[in-house]
Every structure is written in C-alpha cells, then in structure tokens.
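Enquirer: Pasting a predicted model and its sequence here:
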Amino acid sequence: MIALSTAITLGLGSMFTIQHADAESIKEMQEKTKKIEEQQSGVKLDINRADQDINKLQNQQETVEQQIHRLELAINDSTQKIAEKGIQIEETKEEIEALKAEIIVLKDRIAKRNELLKERAVSLQESGGNVSYLEVLLGSSSFSDFIGRVGAVTTIVEADQEILKQHEIDKKDLEDKQKSVETKLNNLESMRAELENMKSQLTAQKGQKDKLMAQLEEKEDDAHELKMNLKEEEENLAAQASAMKEAINLEKNRLAELEAARKKAAAEEKKRAAEAAAAAAKQSAASAKSSSGSSSSNTPAVTSAPPVSSGQFTRPSAGRVTSQIGSRWNKFHAGIDIAQSGTVPVVAAADGVVIRSYLSSSYGNCIMVSHSIGGQTYTTVYAHLSSRNVGSGQVVAKGQQIGIMGNTGHSFGQHLHFELHKGAWNVSKTNAVNPLNYVSM
C-alpha cells in the first residue's frame, strides 16, 4: 500500500511535478500559499477600487448628462427667439416698404406745393415783378376797397406761411419716421446677431460636454474591462491557492506513509528481506512480461502528437510557430502561436496540476497548468482549444493529451496560443517568458 501510494505520487508528479523527493518542502509550499493568498487580497482591493472608479465615473456622467440637457433647452430657446426676431425683422421690413409708399405720397405733396408757389411767383413776375403789397393797399379806390385789399393780402400771406410751415412739418415727419424704422430694424438685427452668437456659444459648450461624456464612457468601459480581468486573476489565484493546499495535504500524507513504512520495515527488516527479494524478483519478471505485451498491443490513438522531449518542457503540439512573443497590434502578445490543420492533440508541456480549465471570452477554451521544477514554480497556458480533456485540480503528466487545438475565443484561425510564465499567471502578464527559450520547437 505504501509502495503503491509512493509510486503513484512520483509517477503523476504529485500536484507540482516532484522530480525529486525533496524538490519542495511543506514549509516552502505553505509560504507560497501565503504569498498567493496575499496576492489574492491585493487583487480584491484592486477590484474594490475599480468598483469605486466605476461609481465615480457614472456619477460624473449623470452630472454631465444634466448639463447637456440644460444646454439643449437653452439652444432650443435661442433658436425659437431667433425665429421670432426673424419674423419681427420681416414685419419691420414690410413696415419700411409701407413707409416708402408714404414717403412717395409726401414727396408728391411737397412737389405740388412747390408748384403752387412757383405759379404764384410766375404770376407776380407777369405783373411786372415790382408790385408790392403796400402798392396794392395804396391803390385802393375807397376805404372799403382798402379793407378788402388788406384782407386779401393777409389771406395770401397766411396761406404762403401755412404752405411753408406744412412743408417743414411733413419734411420733419418723413425724417422722423425714417429714423425710427431704421433704428428699430438695426435693433432687431443686433438682437438677432446676439442670439445667434449665444446659440453658437451654447452649441460649442454642448460639443465640449458631448466630448467629455464620450471620454467618461470610454473610461468606464476600461474600468469594467479592468475589473473583469481582475476578477479572472482573483479566480486564478484562488484556484492556485486551493491546488497548493491540496499538494501540501498530499505531501503530508506521503510523508506519513513513508514514516509508517519506515517503522514497520525496521521491525520486520530481517524477516521481510528474503521475502521482499523473492517477491521483487517475481514481480519484476511479471511486470516485464506485462509491459512487453502492453507495448505491442496498445497503439496511440492520436499519431500527430509531438514526441516527449527530455528537457524540462516538451513541445505542446505539432505545427509551425506563426507568431512569437512580443508587441503585436499595439498590445503585448504574451506567448507564441502554433498553427496546424486537422485534429491536432495538445499535450501538457510538463508534469503538473490543472489550476483552471474553463471557457474564457478572450482565451476561448483554456487550460492553465502549474508546475514546480527545481524549486521554481511555472505556469503554462493553452488557449483557443476546441475541446478540453482535463478539469481543474486534475494531475497531468508531461506529454499527456489535455485537449484539441481549435479556434475559440478571440481567435482568427485554428491554432494553439501557448504561454509560459515564470511564476504565477497574472492579468498584466508580468511573469511571461519566451517559451522558445525553454521548449525546443
């Protein structure tokens, strides 16, 4: 039982590829678990800050939206007033046209009066031009004739004075009306210009508020995306912590079994020595026979899987490398892409434990595996799979098939997106290293 448990533990690589019995002590794993949990707490704080930022941005948008609404009301009011002033301007222009008609009548009246005065002047010239009102009066034949002539002269003088006076009144009336209407028209034009200027300013302010609103909406979208990435990172850290705790329990059980075996072996060492040697020889022969029969009858179901290499990591799938790690489309491409048509198996690059097997909006069908090699923790990511053969918490061996290459998530053709992180995976990909420096392609 003890030997079988130990063999299973070593064969499957425990939870984090135990290549040597003392590769990583329980204390070291507990310290790593503590660090992961601290990172998880930090991510939770970041999520809370992201929520606060989102609420703040939403409040700012609500304020700006109210400002935009008030500006729209002011613009509509200005537009209505401009239309009203336009109507008043048209009415004033019609009034000016009517006044022009009156002016023509007044000018005609003045012209007729001028003609009357000219006719009187001509009549005076025809009589010799030297007859004065005094001579007319002195030429009277009697007192009654004198009185009559005085009345006639007075009437003529008063009429001429009335004509001249009315002439001046009409002229002044004409000038006053022209000045009044022109002033009214100028005032209306000025008021309309001021309203149009006000409308332009309000429209410009609304344009600035619209631009600010678009910026706030974009910031909110970024905050939501950050929160989503942080939530995903938190879930991954939780999965890593859970897997590490399970590894600690397995290691404790393994050590307990070893200690029990040591004590039992010490008590029965002499008695079991001969039996163990005989049993070992018999079991070795049976195992060799079984292994020979098994190797001749079992044929791999998938022939396109790459052979397992002797290095720390083996190639995760067949195909050619179509994209390497680095900047791509103004973003950091955190891994390499391997493309191959048909049904292409994807295998674990090293012994380890599946810390997450899930469907991501960006990665598509994705598997993350944690490894511990020579005391160093690594994380491998296998993305855009068409199907997944393993679940979270499952132990996998180097070269074991874990899925099929696909085109799920944010992908533009069948390929495997493969990432290698020296340490834990995080949303910023700060631990990403070039897989080509670790895996022979």
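Expert: Perfect, thanks for sending it.
Enquirer: From here on, just use CA atoms for contacts and neighbour counts.
Expert: Noted.
Enquirer: which stretches of this structure have low pLDDT?
Expert: 1-24, 120-140, 143, 146, 149-154, 156-157, 160, 164, 258-259, 261-304 (pLDDT under 70).
Enquirer: Which parts of it belong to which domain?
Expert: Domain assignment of the chain by automatic domain parsing yields the ranges 1-267, 307-441.
Enquirer: got a markdown table for the ones you listed, with mean neighbour count too?
Expert: Output for the domains of the chain, formatted as a markdown table (neighbours: other CA atoms under 10 Å):
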| stretch | mean neighbour count |
| --- | --- |
| domain 1-267 | 15 |
| domain 307-441 | 20 |
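Enquirer: And the strands in the protein?
Expert: Ranges of strands in the chain, per DSSP state E, are 320-323, 326-328, 331-333, 336-339, 345-347, 352-360, 364-373, 376-388, 395-396, 401-405, 416-421, 432-433.
Enquirer: Neighbouring strands - and their directions - for the fourth one?
Expert: When you say that, I think you mean strand 336-339. strand 320-323 (antiparallel), strand 416-421 (antiparallel) (DSSP bridges).
Enquirer: wait, which of those strands is closest to residue 227?
Expert: strand 416-421 (21.9 Å; CA to CA).
Enquirer: Could you list the residues in contact with the closest one?
Expert: With CA atoms under 8 Å, 6 or more residues apart in numbering as the contact definition, strand 416-421 has outside contacts at 316-317, 334-339, 378-385, 405-406, 429, 431-435.
Enquirer: ok, now stretch 171-185?
Expert: Taking CA under 8 Å, 6+ apart as the rule, stretch 171-185 contacts 89, 92, 93, 95, 96, 99, 103, 106.
Enquirer: what do you get for stretch 97-117?
Expert: 160, 163, 167, 170, 174, 177, 178.
Enquirer: Of the residues you listed, which is the nearest to residue 71?
Expert: For these, the nearest to residue 71 is residue 178 (39.7 Å; CA to CA).
Enquirer: where do the helices sit along the stretch 1-150 of the chain?
Expert: If DSSP state H, counting those that start in this stretch is used as the criterion, the helices of the stretch 1-150 of the chain fall at 2-12, 26-126, 133-138, 143-267.
Enquirer: Can you tell me which of the contacts of stretch 171-185 comes closest to residue 412?
Expert: residue 89 (64.4 Å).
Enquirer: show me what contacts that closest one?
Expert: Going by CA under 8 Å, 6+ apart, residue 89 touches 185, 188, 189.
Enquirer: can you redo the residues you listed as CSV with distance to residue 344?
Expert: Output for the contacts of residue 89, formatted as CSV (distance: CA to CA, whole Å):
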residue, distance to residue 344
185, 85
188, 81
189, 79
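Enquirer: what's the residue closest to the geometric middle of this protein?
Expert: residue 218 (3.1 Å; CA atoms, centre = their mean).
Enquirer: before we move on, the earlier item: closest one to residue 199 among the strands of the chain?
Expert: When those are ranked by proximity to residue 199 (CA to CA), strand 331-333 comes first, at 43.5 Å.
Enquirer: Parallel or antiparallel, list what pairs with the closest one.
Expert: With DSSP bridges as the test, strand 331-333 pairs up with strand 326-328 (antiparallel).
Enquirer: how far out from the middle of the chain is the partner strand?
Expert: With CA atoms, centre = their mean, to the nearest Å as the basis, strand 326-328 stands 22 Å off its chain's centre.
Enquirer: Please save the CA atoms from stretch 246-255 in PDB.
Expert: Taking C-alpha atoms only, stretch 246-255 is exported to PDB below (Å, rounded to 0.1, in the frame of the first residue of the first chain):
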ATOM      1  CA  GLU A 246      -4.100  20.100  -1.900                       C
ATOM      2  CA  ALA A 247      -0.500  19.500  -2.700                       C
ATOM      3  CA  ILE A 248       0.500  20.200   0.900                       C
ATOM      4  CA  ASN A 249      -2.000  17.600   2.100                       C
ATOM      5  CA  LEU A 250      -0.800  15.100  -0.400                       C
ATOM      6  CA  GLU A 251       2.800  15.700   0.600                       C
ATOM      7  CA  LYS A 252       1.900  15.300   4.300                       C
ATOM      8  CA  ASN A 253       0.100  12.000   3.600                       C
ATOM      9  CA  ARG A 254       3.000  10.900   1.600                       C
ATOM     10  CA  LEU A 255       5.500  11.600   4.400                       C
END
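Enquirer: closest to residue 80 out of the strands of the chain?
Expert: For the strands of the chain, the distance to residue 80 is smallest for strand 331-333, at 50.6 Å, taking CA to CA.
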